[in-house]
Structure formats: C-alpha cells, structure tokens
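Novice: Compute the structure for the input listed below.
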Amino acid sequence: MSRKKGEKKAIAQKLLHKYRLVILNEDTFEERISFKLTRLNVFILVGISAIILIVLTTLLIAFTPLREYIPGYSSKKLKSQAEELLIKTDSLKTVIAINEQQYASIRKVLTGDIKTIEFDKDSIEGVINSENDDITIQPSKEDSLLRATVEEQDKYNLFETATRSADFALFPPVKGLISSKYDSATKHYAVDIVTEKDEPVKAAADGTVIFASWTADTGHVIIIEHQNNLITAYKHNASLSKQQGDLVKAGEVIAIVGNTGELTTGPHLHFELWNNGYPINPTNYIDFK
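Specialist: Alright, predicted model coming up:
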C-alpha cells in the first residue's frame, strides 16, 4: 500500500517539478527570455492549443468556401450550377437535333435525293384522290358546285393545314414562261422559269435564309425556311442580296436572275418548293404568269 502511495507521489512530483526554459544569445550567451514550466503546464498548454486548433479548423471549413473541397460535400451553389448546366445541355441537344434536321433538309434540296417517295406526293389533289379512291358516295349537284367554288378559291393556297391556322399564300418569285415543268419521274423537283437576265428574284413568303452560297452545279443558291415546315429554293442566280440568317418578307428581293452553275442553258430561275422534307409542285400554289 505504501509502495503505491510512493509511486503516486513520485508521479505528482515529476508533473509539478519546475523547469526553466531559457533563450540565450548564441554569441554572448546573454539570457534573453526565460520561462518556469512544469510538465503539467506543458501538457495543459499543448491540450488547449490542440483544442483551439481543432475548433479554428472546423470553423474555417464550415463557414468558408473551403468546405466545397471536402470529398462528398455538396453546396447549394454547386447544385444550382449543376442544374443550370443540365438545362443548358438539354437545350443544346435540342438545338443540335433541330440543326441536324435542317441540314438534312438543305442536303435534300441541294442534291434532290429523295429515296422514300414511292408515289407523287407533290400534288395535294393527287394525294387526296388516291386516298379516296374507294369512296363511292355520289355528291349532289349543289355539293359539286360548292366544291368547285371552294377549289377555285383555294387554288393558290399552300395546303389545308396552313389555311386552317392562317391566311398563308405564296408570292411568285418571278414572272415568266415555265420552260421545264416539275417531274418527279425524272427527279426534276422544281420548275424552271425563263425570264430576262438581271430580273429581281423575290421571296415567296416570310421566312429566314438558311443557306446562301455557291454550288458548282446550280451556281448562286439561296434557300429560305418558312412557317409550316415549308422551304423554298432559288438556284442559278447571278448574285444574292441576302445571306444566311437574314429575315425576309414575302415579295422582298433576295437575288438576281442569272445563268450560273454547270446545269444551266440560259438565264432562268430554278425554283423548288419543299414541305416536311418532301418536294411539292410549285405550280399547284403559285401562278408564274
């Protein structure tokens, strides 16, 4: 029992035994600073310093931007930025898809490559008649007269869906004689209108220029995108007065009639009309005379 008390007393004496910490001048050995310390004081000082260091580190991480560098930590700012980037990514995907569809339409207009057409979709009347071949209902005389009147009034309307949503009519780009008619059998998805050289070419409807450049086969080409998925193309121009991205109005001058490109034999306008990626006969909706 006395032995244990002796050991405890010895430990207490060691903890409370005083030491002097002296800082001397190395050259003169002059005493600069001195401290009286015990082992207990040192342990307490080290413990308090460690606690203060931990508390300061915690506060620094919790209330400063440094916390964002901790693995697994997610701040509100980072979440909002991630959501914003996700929205922008979705928007870019949509824009890319639209652009790819637009480029595909332009490619078809420039090359005339239509592989999916197995019948003449260019005449709306032809489509309607082919879909109703099996109908044997005989219209009355009054109904026939009404139909004839409506057909005459709608002769130069674009198509049924357009007339339902708006009064949408096409403006003749030039006036002249049609030298080469629309013929899907020979893949001539256009009408060639012979007119005087340097005659102004006008936009068939309001729209946006999506292509305006030179091609070897068709010379100066301008393509305009309109509402209702409608595209018009004007080829063999002498010059273009609009560029890609320009907004145009119906009847506005966009080019000058010319004789450019390899596939031409004289001054004329090669005019194409496309809807939803398919060519349609312009003479069904425009009077070029």
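Novice: ok, which stretches of the stretch 101-250 of the chain are strands?
Specialist: All strands of the stretch 101-250 of the chain, identified by DSSP state E, counting those that start in this stretch, fall at 177-180, 191-194, 200-202, 207-215, 219-226, 230-240, 247-248.
Novice: okay if I get those strands as a markdown table plus mean pLDDT and mean neighbour count?
Specialist: For the C-beta atoms, the positions are set from N, CA and C on the backbone; glycine is no exception. Listed next are the strands of the stretch 101-250 of the chain as a markdown table, based on pLDDT from 0 to 100; neighbours: other CB atoms under 10 Å:
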| stretch | mean pLDDT | mean neighbour count |
| --- | --- | --- |
| strand 177-180 | 93 | 14 |
| strand 191-194 | 95 | 21 |
| strand 200-202 | 96 | 20 |
| strand 207-215 | 92 | 17 |
| strand 219-226 | 94 | 22 |
| strand 230-240 | 94 | 23 |
| strand 247-248 | 95 | 16 |
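Novice: any chance of the ones you listed in CSV, plus distance to Lys93?
Specialist: Shown next, in CSV, are the strands of the stretch 101-250 of the chain (distance: least, CB to CB, whole Å):
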stretch, distance to Lys93
strand 177-180, 42
strand 191-194, 38
strand 200-202, 36
strand 207-215, 20
strand 219-226, 21
strand 230-240, 23
strand 247-248, 26
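Novice: I'd like to know which of those lies nearest to Gly258.
Specialist: For Gly258, the closest of the strands of the stretch 101-250 of the chain is strand 230-240, at 2.6 Å, according to CB to CB.
Novice: picking that back up, do you know which of the strands of the stretch 101-250 of the chain lies nearest Glu84?
Specialist: Nearest of the strands of the stretch 101-250 of the chain (CB to CB): strand 207-215, 28.6 Å.
Novice: Tell me the buried residues in the host helix or strand of Ile54?
Specialist: Using DSSP states H and E, Ile54 sits in helix 39-62. Residues of helix 39-62 classed as buried by neighbour count (16 or more other CB atoms under 10 Å): none.
Novice: re earlier: out of the strands of the stretch 101-250 of the chain, nearest to Ile54?
Specialist: Closest among the strands of the stretch 101-250 of the chain, once you apply CB to CB, is strand 207-215, at 64.5 Å.
Novice: What helices and strands are in contact with the closest one?
Specialist: helix 76-111, strand 219-226, strand 230-240, strand 247-248 (3 or more CB pairs under 8 Å, 6 or more residues apart in numbering; DSSP states H and E).
Novice: could you dump the ones you listed to TSV with distance to Gly261?
Specialist: Below are the helices and strands packed on strand 207-215 laid out as TSV (distance: least, CB to CB, whole Å):
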stretch	distance to Gly261
helix 76-111	12
strand 219-226	3
strand 230-240	5
strand 247-248	22
